[in-house]
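Enquirer: prediction below, plus the sequence it came from.
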Amino acid sequence: MGDIPERFKHLDFMRMDRRTFLKAVGALGASVFLQNYRSEIVKALEFAENRIVWIQGGECTGCSESLLNGGEPDIVQAMQRLNLKITYHELLMEQQGVFVDGILVNTSELNSELYFEEVIEEGGYILVAEGAIANGPDGSGRYCVLGGKTYKEIFRKAAENAAFIVAVGQCAAFSGVNAADSDIRDLLDFRGVAFTLEDETKGILRELGIDKPVINIAGCPPHADWMLLTLAAVVLGKIKIPEDLPGVLDKWKRPKIFFPPDHTIHENCPRRGYYDRGEFDTTVSGEKCLWKLGCKAPYTHADCAIRRWNGYHSLCPQSGSPCISCVSAGFPDSSRPFFQEIEDVGIVGTNLDSIAKVAVGGALLAAGAHAIKRFSEKDAGKEGGEGKEDENGEEGNEKIGKETEESGENEGRNEKTETAPEGKKEG
Ligand code: FSX
Ligand code: SF4
């Protein structure tokens with residue numbers, strides 16, 4: 001992310017109000033942020049103890065991997081600078097055992113179990129939950145058992161004594177791939193912490209009767225910055241819990257600074273020029289726009305294209321993979337089929353009003369004009385809309401339109417659509 005931008009250089013960081021702080025955090029990478037404000041952070045945290053208990057359920061460990069691969073700063077540096085103490089982390093403690101005179105006296109599994117009980121007893125920690133929580137079969141949670149206990153029970157204990165909960169990754173936030181449509185989905189009954197897919201009534205906290213503040217760090221996996229900087233903002237008192245949460249989180253409990261309601265990945269995609277000129281790849285490994293290969297970035301709200309991944313260098317569409325919108329609450333089913341042009345599955349191109357609402361990034365310039373043309377040819381006279389219904393009986397185009405409409409990002413987009421260059425009108 002480079003050096004600290006001029007506009008942030010002379011600010012007294014610790015005196016910033018929340019809005020400015022969040023802007024700074026959003027504009028700076030974790031590395032620049034932590035380096036430049038190190039002394040202030042140390043001062044602020046002199047007496048603070050920020051214990052983190054990190055538990056893992058139904059997941060692939062990609063979230064922890066993403067954090068560990070964050071790079072600059074690495075997790076150890078970040079912990080030191082933020083005075084974070086990862087008191088318990090299932091994966092990192094895997095090899096831990098109790099030693100007496102240098103000799104291992106117990107199994108790591110038993111040790112971490114005993115240790116976990118102690119830590120939970122103390123309470124007051126930040127609970128970071130990674131992975132979905134199995135509720136099946138029949139509410140027993142037995143489809144995910146760790147060390148003889150159900151993860152549902154482990155989660156319950158950890159959640160009850162936590163100060164608040166950060167659900168990292170799509171699985172913890174929304175159940176993610178665990179809740180993908182399948183013959184056994186209902187039997188397994190995997191839940192997210194506060195939501196299951198888009199359903200807030202099905203979060204495991206509600207099922208367990210626990211009321212705790214929750215922050216969702218979406219993504220499969222989430223960017224290391226999203227996790228680290230959220231924790232930083234909270235431990236520095238810049239986000240006060242629970243009173244500040246309604247202002248800083250969106251309706252999916254995601255920090256708006258990283259998942260901006262008025263910004264989509266498509267707006268800053270390095271392939272955007274191709275999109276605007278109507279030049280699309282139709283097979284993988286090309287260099288043009290990936291819209292026709294199913295790119296979902298035009299309606300995906302995340303700062304991936306500004307922040308970028310892998311040391312702030314790249315993002316999925318940049319490296320040749322269409323965005324699969326892994327930060328959307330309904331993921332993965334809401335993004336399926338992953339590699340098929342959206343208009344072919346009825347999201348764009350069935351209803352002119354909805355096309356305006358979809359507001360794909362900068363305006364549906366190329367693909368949008370193309371979609372409108374196809375609509376006009378194929379479906380003229382059917383403007384009432386015969387869009388493909390998803391399993392909730394909701395039209396795909398309406399569903400996407402709703403989110404963008406709420407965010408107010410549609411304004412002006414329709415106008416641009418009408419100015420789409422001539423060259424886009426291929427059949
Ligand atoms: Fe889920 Fe985390 Fe996807 Fe994996 O562990 S968010 S499957 S990349 O990473 O929980
Ligand atoms: Fe980039 Fe995808 Fe937008 Fe094309 S549709 S410009 S690949 S984000």
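Expert: Done, it's in. Ligands and ions are numbered 1, 2, ... in the order given.

Enquirer: which parts of stretch 265-273 are buried?
Expert: Ile265, His266, Glu267, Asn268, Cys269, Arg271, Arg272 (16 or more other C-beta atoms under 10 Å). From N, CA and C alone the C-beta is placed, and that goes for glycine too.

Enquirer: ligand 1 contacts on the protein?
Expert: The chain comes close to ligand 1 at residues 59-63, 130-131, 169-171, 176-177, 220-221, as judged by C-beta under 6 Å from any ligand atom.

Enquirer: residues from the chain in reach of ligand 2?
Expert: So the chain meets ligand 2 at 265-266, 269, 271-272, 275, 289-291, 295, 297-298, 317, 323, 361 (C-beta under 6 Å from any ligand atom).

Enquirer: can I get the buried residues of stretch 265-273 in JSON lines with distance to Met227 and secondary structure?
Expert: JSON lines is the format used below for the buried residues of stretch 265-273 (distance: C-beta to C-beta, whole Å; DSSP: H, G, I helix; E, B strand; the rest coil):
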{"residue": "Ile265", "distance to Met227": "19", "secondary structure": "helix"}
{"residue": "His266", "distance to Met227": "24", "secondary structure": "helix"}
{"residue": "Glu267", "distance to Met227": "24", "secondary structure": "helix"}
{"residue": "Asn268", "distance to Met227": "21", "secondary structure": "helix"}
{"residue": "Cys269", "distance to Met227": "23", "secondary structure": "coil"}
{"residue": "Arg271", "distance to Met227": "27", "secondary structure": "coil"}
{"residue": "Arg272", "distance to Met227": "27", "secondary structure": "helix"}
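
Enquirer: what would those look like in TSV with pLDDT?
Expert: Below are the buried residues of stretch 265-273 laid out as TSV (pLDDT from 0 to 100):
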residue	pLDDT
Ile265	97
His266	96
Glu267	95
Asn268	96
Cys269	97
Arg271	98
Arg272	97
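
Enquirer: which element is Phe116 on?
Expert: Assigned by DSSP states H and E, Phe116 belongs to helix 108-122.

Enquirer: so after that helix, what's the next helix or strand?
Expert: strand 126-130.

Enquirer: what about the strands in this protein?
Expert: Along the chain, the stretches classed as strands by DSSP state E are 50-56, 84-89, 99-100, 103-104, 126-130, 133-134, 145-146, 149-150, 164-168, 190-191, 214-217.

Enquirer: lowest mean pLDDT across those, which one is that?
Expert: Lowest mean pLDDT within the strands of the chain: strand 99-100, a mean of 52.

Enquirer: and for the closest residue to ligand 2 within the stretch 101-250 of the chain, the neighbour number?
Expert: Residue nearest to ligand 2 within the stretch 101-250 of the chain: Gly219 (16.1 Å; C-beta to the nearest ligand atom). Neighbour count for Gly219, taken as other C-beta atoms under 10 Å: 25.

Enquirer: ok, the residues of the chain next to ligand 2 vs ligand 1, which is closest?
Expert: Cys323 (14.8 Å).

Enquirer: need the contact list for the closest one.
Expert: Ile265, His266, Leu290, Cys295, Lys296, Ala297, Thr300, Cys304, Cys316, Pro317 (C-beta atoms under 8 Å, 6 or more residues apart in numbering).

Enquirer: likewise for Gly294?
Expert: If you count contacts by C-beta under 8 Å, 6+ apart, Gly294 has them with Pro322, Ile324, Pro337, Phe338, Phe339, Gln340, Glu341, Ile342.

Enquirer: ok, the second one to Ala224 distance?
Expert: Which is Ile324. Separation of Ile324 from Ala224 (C-beta to C-beta, to the nearest Å): 19 Å.

Enquirer: just the third one next, same as before
Expert: Using C-beta to C-beta, one gets 29 Å for the distance from Pro337 to Ala224.

Enquirer: same deal with the last one?
Expert: Using C-beta to C-beta, Ile342 is found at 29 Å from Ala224.

Enquirer: picking up where we left off before, Ile324 and Ala224: who's more crowded?
Expert: Taking other C-beta under 10 Å, Ile324 and Ala224 do not tie; Ala224 has more neighbours (26 against 22).

Enquirer: now do the contacts for the nearest residue to that one once chain neighbours are set aside.
Expert: Closest residue in space to Ala224, ignoring its immediate chain neighbours: Gly70 at 3.0 Å, by C-beta to C-beta, 6 or more residues apart in numbering. Gly70 makes contact with Ala30, Ala78, Ala224, Asp225, Leu228, according to C-beta under 8 Å, 6+ apart.

Enquirer: am I right that the second one is in contact with Leu228?
Expert: Right, the one you point to is Ala78. Yes: using C-beta atoms under 8 Å, Ala78 is in contact with Leu228, at 5.3 Å.

Enquirer: show me this protein divided up by domain.
Expert: 6-248, 265-424 (automatic domain parsing).

Enquirer: now the weakest link among those, please, by mean pLDDT.
Expert: When I compare these, domain 265-424 is least confident, with a mean of 63.

Enquirer: look at Gly131 and say how many residues are nearby.
Expert: For Gly131, the count of nearby residues is 31 (other C-beta under 10 Å).

Enquirer: gap between the nearest residue to Ser285 once chain neighbours are set aside and Ile306?
Expert: Nearest residue to Ser285, sequence neighbours excluded (C-beta to C-beta, 6+ apart): Gly320, at 6.1 Å. Noted for Gly320: a distance of 19 Å to Ile306, by C-beta to C-beta.

Enquirer: one more: Lys253?
Expert: Distance, Lys253 to Ile306, by C-beta to C-beta: 21 Å.

Enquirer: please identify which of the two sits among more neighbours.
Expert: Lys253 (25 against 17).

Enquirer: give the contact list for that one.
Expert: Neighbours of Lys253 in contact, by C-beta under 8 Å, 6+ apart: Ala167, Ala173, Ala194, Phe195, Val214, Ile215, Asn216, Leu245.

Enquirer: tell me which of those is nearest to Phe331?
Expert: Ala173 (9.8 Å; C-beta to C-beta).

Enquirer: I'd say the closest one and Ala218 touch.
Expert: Yes: between Ala173 and Ala218 there is a contact at 5.4 Å, judged by C-beta under 8 Å.

Enquirer: more neighbours: which of these two?
Expert: Higher neighbour count among Ala173 and Ala218: Ala173, with 32 against 29, using other C-beta under 10 Å.

Enquirer: list the buried ones in stretch 74-87?
Expert: So, applying 16+ other C-beta under 10 Å, buried residues of stretch 74-87: Ile75, Gln77, Ala78, Met79, Arg81, Leu82, Asn83, Leu84, Ile86, Thr87.
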